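[1] model the structure of this input:
(chains A and B)
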2 protein chains.
Amino acid sequence: MNGGGVVMRRVLAAWVSCALLVGSASARAETDPLPSWNEGAAKRAIVAFVRTTTDEKSPKFVPFAERIAAFDQDGTTWVSHPIYTQVAYCLEQVPGVVEKNPELRDVEPFKTVLTGNGEAIAKLPMKELEKVLAATLSGMTVDEFRADVEKWISTAKHSRWKRPYTDLVYQPMLELMRYLRANGYRTYIVTGGGQDFVRVYSERVYGIPPEQVVGTMGATTFGYAKDGTPILTKEPKVLLMDDKAGKPEGIHLMIGRRPHAAFGNSSGDQQMLEYTGAGDGARLMMLVLHDDAEREYA
Amino acid sequence: MNGGGVVMRRVLAAWVSCALLVGSASARAETDPLPSWNEGAAKRAIVAFVRTTTDEKSPKFVPFAERIAAFDQDGTTWVSHPIYTQVAYCLEQVPGVVEKNPELRDVEPFKTVLTGNGEAIAKLPMKELEKVLAATLSGMTVDEFRADVEKWISTAKHSRWKRPYTDLVYQPMLELMRYLRANGYRTYIVTGGGQDFVRVYSERVYGIPPEQVVGTMGATTFGYAKDGTPILTKEPKVLLMDDKAGKPEGIHLMIGRRPHAAFGNSSGDQQMLEYTGAGDGARLMMLVLHDDAEREYA
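    I've put the predicted structure just below:
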């Protein structure tokens, strides 16, 4: 967790070829850039990758402009259990939505969500849950949405850890992002989560600006408020679902370059890691597993 | 034109409020950053905008991260007559497409395009032209498309000027981009043209990297080549038409920030300029008109 002494006990280097790609340069740094990482193959692979791609004399040198690193978010850079943070946001918006639209009070899935019964909510079919997402993620201007998320995320607390979600970030991944940036890499979040949602806190939490957040993309519509002010309204229409095959598609759309490094934690990241690995030169792909049983989820 | 002494005879400051927003600071630079611009209101407004937004003591100071400037392309940064460059590309690809798909030879609109008769081609209805765009802008991988455009744009010549399209760039706009970048602004192309098309040459021609090109966005599909290589294939499906209302929508999608400066030349840029102007603090919006009759289009 952020600021804590969380240890990433194991980091699985998913592609064995990784070590071959990056060579076997020694990882003895004078000051350790990754102090919360265990010494091991994963840490050595990262350090070797950074050295070989930033050394102008290396045949694997990567020009500054091409230094792109992609990070999955949920489960990779912060907690994703028991539910995705954005889903928690949407569920907690339901009372406000029902207040504005009282006709929804006795309509499913809103009725179930209003009971606050976690078990019943967890059993809602995806189709029903999507109605909650649509009702809470669209219909407002992008500025209103930003303000709503900002307010929520600064006060809401995780059900188990009783701490703000933005504290529940994995320290080793923050170190890794900083280390890569210090070596000229631009770090991107590439998440199945909503692009507009993650952008609200990405700068503060990860040091990643909004334009470097690639997420599930909702349509907006340009129009004018009653007073004539130009506004962008969020629509209940997904332009690109940034998960699985959607991750390389989203990367191409938003960046137009193939990353040299990619970090994920689940099958939703497989295609992003494959796409990263299919590039020439040095590429680093990792699946991380946060499993410190005492402070993390096994 | 690029490298030439083209004079931008008139630059229309479309929003009169512009001068009020940026104040009336003097524009006497020690070395003129905009030598090919006529002395006048437009040049003074640009210099005053840059000074007031980059001076930490100014109430209109804009932090580094927020310094975003958006440029329309066709007609603003390079020629767009008699036809858009990308349309020229598509038309010139038709013989190659027909060679691979001989059944198209006697089918409209391909039949007309193959005649090379400019007048007849110009009369093709938009619906027919869209078939040409779909046939020449999709079906290949993103890497194949990049290679095709790269090859074409390095050899193709404009029908009137007999010079490569990438030479037909307006020198004053290149100066303006450089001047803004030298003052910490990130310059974006925001174009109705295809995002993947413009990205091929944007770095070389404008000094704008692919991730800073916002254009009409086509869908891609992630999959695998016969040998198992992960590939992205371009689909004949538009995710976002980056023109008119689509420009602020595209800016929000790709950048997630409102620009502080925007430059266009036509009604297709109106919404982008309105959206830019609706932000608080200093904003600069300009419509440019390149009308040097001898070397430009009146």
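[2] setting the sequence-adjacent residues aside, check what's closest to the residue nearest in space to the middle of chain A.
    Among the residues of chain A, the one closest to the centroid is A:Q73, at 2.2 Å (CA atoms, centre = their mean). Among residues not flanking A:Q73 along the chain, A:T191 sits closest, at 4.0 Å (CB to CB, 6 or more residues apart in numbering or on different chains). For every residue, glycine as well, the C-beta is placed using N, CA and C.
[3] quick check: phi and psi on that neighbour?
    Here is the backbone geometry of A:T191 (degrees, to the nearest 10): phi -130, psi 150.
[4] roughly how far does the closest residue in space to A:F197 that isn't next to it in sequence sit from A:T191?
    Using CB to CB, 6+ apart and skipping residues adjacent in sequence, the residue nearest A:F197 is A:Q86, 5.1 Å away. From A:Q86 across to A:T191, the span is 9 Å (CB to CB, to the nearest Å).
[5] the two - which one has more neighbours?
    Neighbours were counted for A:Q86 and for A:T191 using other CB atoms under 10 Å in any protein chain shown; A:T191 has more, 29 against 24.
[6] so that one makes contact with A:F197?
    No - the criterion here is CB atoms under 8 Å, and A:T191 misses it with A:F197 at 9.1 Å.
[7] so what sits against both of the two?
    Common neighbours of A:T191 and A:F197 are listed as A:G215 (criterion: CB atoms under 8 Å, 6 or more residues apart in numbering or on different chains).
[8] low-confidence stretches in chain A?
    A:1-30, A:290-298 (pLDDT under 70).
[9] for it, what's the longest helix?
    Secondary structure of chain A per DSSP state H: the longest helix is helix A:85-100.
[10] does anything pack onto that helix? Which helices or strands?
    helix A:110-115, helix A:126-137, helix A:142-153, strand A:186-194, helix A:195-206 (3 or more CB pairs under 8 Å, 6 or more residues apart in numbering or on different chains; DSSP states H and E).
[11] which of these is buried the deepest?
    strand A:186-194 (a mean of 25; mean count of other CB atoms under 10 Å in any protein chain shown).
[12] what is the end-to-end distance of stretch A:125-145?
    End-to-end distance of stretch A:125-145 (CA to CA, to the nearest Å): 25 Å.
[13] related to what we said a few turns ago, among the helices and strands packed on helix A:85-100, which comes closest to A:V47?
    strand A:186-194 (16.6 Å; CB to CB).
[14] now the angle from that closest one to helix A:142-153?
    90 degrees (axes from the mean of the first three to the mean of the last three CA atoms, to 10 degrees).
[15] which positions in the stretch 51-200 of chain A make contact with chain B?
    For the stretch 51-200 of chain A, the residues in contact with chain B (CB under 8 Å from any CB of the partner chain) are A:A65, A:V142, A:Q195, A:D196, A:R199.
[16] repeat the analysis, applying 10 Å as the threshold.
    Residues of the stretch 51-200 of chain A lying near chain B by CB under 10 Å from any CB of the partner chain: A:65-66, A:68, A:142-143, A:146, A:186, A:188, A:195-196, A:198-200.
[17] confirm for me that the residue nearest to the centre of chain A is in contact with A:I189.
    Yes - counting by CB atoms under 10 Å, A:I189 is a contact partner of A:Q73 at 5.3 Å.
[18] quick check: neighbours shared by the two?
    A:V198, A:S202, A:V205, A:Y206, A:I208, A:V213, A:G215 (CB atoms under 10 Å, 6 or more residues apart in numbering or on different chains).
[19] now for A:E108: which residues touch it?
    If a contact means CB under 10 Å, 6+ apart, then A:E108 has A:L124, A:E128, A:K131 as its contacts.
[20] what's the burial count for the closest residue to the first one other than its chain neighbours?
    Taking CB to CB, 6+ apart, and ignoring the residues beside it in sequence, A:L124 has A:P109 as its nearest neighbour in space, at 5.1 Å. When counting by other CB under 10 Å, one arrives at 21 neighbours for A:P109.
[21] and A:P109, what is it in contact with?
    The contact partners of A:P109, by CB under 10 Å, 6+ apart, come to A:91, A:94, A:120-121, A:124-125, A:127-132, A:135.
[22] report all helices and strands that the helix or strand harbouring A:A69 contacts.
    Here A:A69, judged by DSSP states H and E, is contained in strand A:68-71. Judged by 3 or more CB pairs under 10 Å, 6 or more residues apart in numbering or on different chains; DSSP states H and E, the packing partners of strand A:68-71 are helix A:171-182, strand A:186-194, helix A:246-254, strand A:261-264, helix A:270-277, strand A:284-289.
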